[in-house]
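Participant: Attaching a predicted model along with its sequence, questions to come.
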Amino acid sequence: MNELKFNEKVWFLMKKIPKGKVATYKALAEKMGTKAYRAVGNACRRNPNPPYIPCHRVVKSNGGIGGFKGKTSGPYIQEKIFLLKKEGIKFENKKILNFKEVLFEF
DNA sequence: GCTTTGACTCTCG
DNA sequence: TCGAGAGCCAAAG
């Protein structure tokens, strides 16, 4: 049972992200010892585990939001941004202004 | 068991 | 700065 599946590893790292901070798919993948950047996003998109996973704290390496609720654009993205903004993260045109400031390093 | 998809990342022009 | 292409891995069909 110590065999953490790929998705489980992703969730575990996500939960480690403190409030007001964000992480990139790349960081997550590399931290778990793989380059499955996409697989990380897949784990979140399918989100086998509900609100238990703070997927909104995971962004792209360029500071972009990526997606939310299975959508890469639309009101869902705005909502994701709004949540992050409430945590002290600044956004501009769907991009994180203080990206490096809020970027959480494992 | 192969094919398709995806909330990605990097490189080149 | 921006767009297109290639590379990468895992889950679902």
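Facilitator: That came in fine, so what should we check first?
Participant: Near DNA strand B, which residues of chain A are found?
Facilitator: By Cβ under 7 Å from any atom of the strand, the residues of chain A that approach DNA strand B are A:24-26, A:36-42, A:44-45, A:47, A:55-56, A:58, A:60-62, A:64, A:66-70, A:72. In short, each C-beta sits where N, CA and C put it, glycine included.
Participant: Of those, just the buried ones, PyMOL syntax please.
Facilitator: To isolate the buried ones among the residues of chain A next to DNA strand B in PyMOL, judged by 16 or more other Cβ atoms under 10 Å, type:
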select buried, chain A and resi 24+25+36+37+39+40+41+44+45+47+55+56+58+60+64+66+67+68
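Participant: what residues does stretch A:28-43 touch?
Facilitator: Defining contact as Cβ atoms under 8 Å, 6 or more residues apart in numbering, one finds that stretch A:28-43 is touched by A:6-7, A:9-11, A:13-14, A:25-26, A:58, A:66-67, A:106.
Participant: What is the nearest of the residues you listed to residue A:87?
Facilitator: residue A:58 (13.2 Å; Cβ to Cβ).
Participant: before we move on, the earlier item: please flag which of the contacts of stretch A:28-43 sit within strands.
Facilitator: residue A:58 (DSSP state E).
Participant: For DNA strand C, tell me which of the contacts of stretch A:28-43 show up nearby.
Facilitator: Applying Cβ under 7 Å from any atom of the strand to the contacts of stretch A:28-43, those adjacent to DNA strand C are A:6-7.
Participant: Residue of chain A closest to DNA strand B, please.
Facilitator: residue A:67 (2.1 Å; Cβ to the nearest atom of the strand).
Participant: Mind pulling up the pLDDT for the nearest residue to residue A:52 once chain neighbours are set aside?
Facilitator: Distances taken as Cβ to Cβ, 6 or more residues apart in numbering place residue A:11 nearest to residue A:52, at 7.2 Å, with adjacent residues excluded. We have a pLDDT of 92 for residue A:11.
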